[in-house]
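J.: Next comes the sequence, and after it the predicted model I'd like to discuss.
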Amino acid sequence: MINYGAAELAASFQTVRKNTLLIAEEIPENKYAFVPVTGWRSAGELLKHIAWAPMMYEDMHGTKRLMTLKGYDFTAIFGRRLEQERQQMSKAQIVALLKAEGDRITAWLASLDNAFLNEVFTDTMGQNPKTRFENMLAIKEHEMHHRAQLMLIQRMIGLVPHLTREREERARQRAIAAAAATR
C-alpha cells in the first residue's frame, strides 16, 4: 500500500509554494498592479489571495476540527480573508508573507497524523462524506489554479515562466545529447 500522509502533503505543498514564490519574485513590482482583464485580480492581489487562502482549511480542520460544514460561517472566514487581502503591501512584503505563511502552513500540515487525516466530515447539507486529507489537498490545488493565472500574467507582461524555461532547457540538453550520440 502506498502511504501518502502528512509528511508528503507538507512536502508537496512546499514545492507548490516554492514555485509560486519564484513567480512572485520574477514579476516586477511595477507589474504587481497589472490586471489582464476586467474582473480579474491583479498579480499582487492574486499573490495575497494565495497567501491567505489556507486560512479557511486551518480554521475548519485545525482550529474548530469540524465534523460537518453544516452551519459553518463561510461569510465570516471569507470576510477575515478579504480583510487581510485588502491590505496595501509592497512586493517585498507580499513575497515575505508568502514565505512566512508557506512555512507556517507546511509545518502545520507536517504535524498532522494519519488518524486526523482519515477523519471524515460532511458538507453543508450533512452529506457527501470526505476525509480531512481529501479536503486539505485543495490547499495546494487552489494555489496551483491561481499560479496558472499568474503564469498567464507573466506571458502577458513579456516574461517566460520559470517552469517553461526549465522544460525548454531540458529539451535542449536532450537534443544536444542525442546529436552527440549520433556522431
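T.: Noted; the coordinates are in hand. Numbering: from 1, shown residues only.
J.: And the strands in the chain?
T.: Taking DSSP state E, the strands of the chain run over residues 120-121, 130-131.
J.: max-length helix in this protein?
T.: When every helix of the chain is counted residue by residue (DSSP state H), the longest turns out to be helix 132-156.
J.: Go through it and flag the buried ones.
T.: Judged by neighbour count using 16 or more other Cβ atoms under 10 Å, the buried positions of helix 132-156 are 132-133, 135-137, 139-140, 142-143, 146-147, 150-151, 153-154. C-beta here means a position set from N, CA and C on the backbone, and glycine is covered the same way.
J.: what about the chain, any weak spots by pLDDT?
T.: Flagging of the chain using pLDDT under 70 yields the residue ranges 1-2.
J.: ok, the spatially most central residue of it - contacts?
T.: For the chain, the residue lying nearest the average C-alpha position, counting by Cα atoms, centre = their mean, turns out to be Glu143 (2.5 Å). For Glu143, the contact set (Cβ atoms under 8 Å, 6 or more residues apart in numbering) comprises Phe13, Val16, Arg17, Thr20, Ile50, Ala53.
J.: can you rerun that using 10 Å?
T.: Glu143 makes contact with 13, 16-17, 19-20, 49-51, 53-54, 98, 102, 105, according to Cβ atoms under 10 Å, 6 or more residues apart in numbering.
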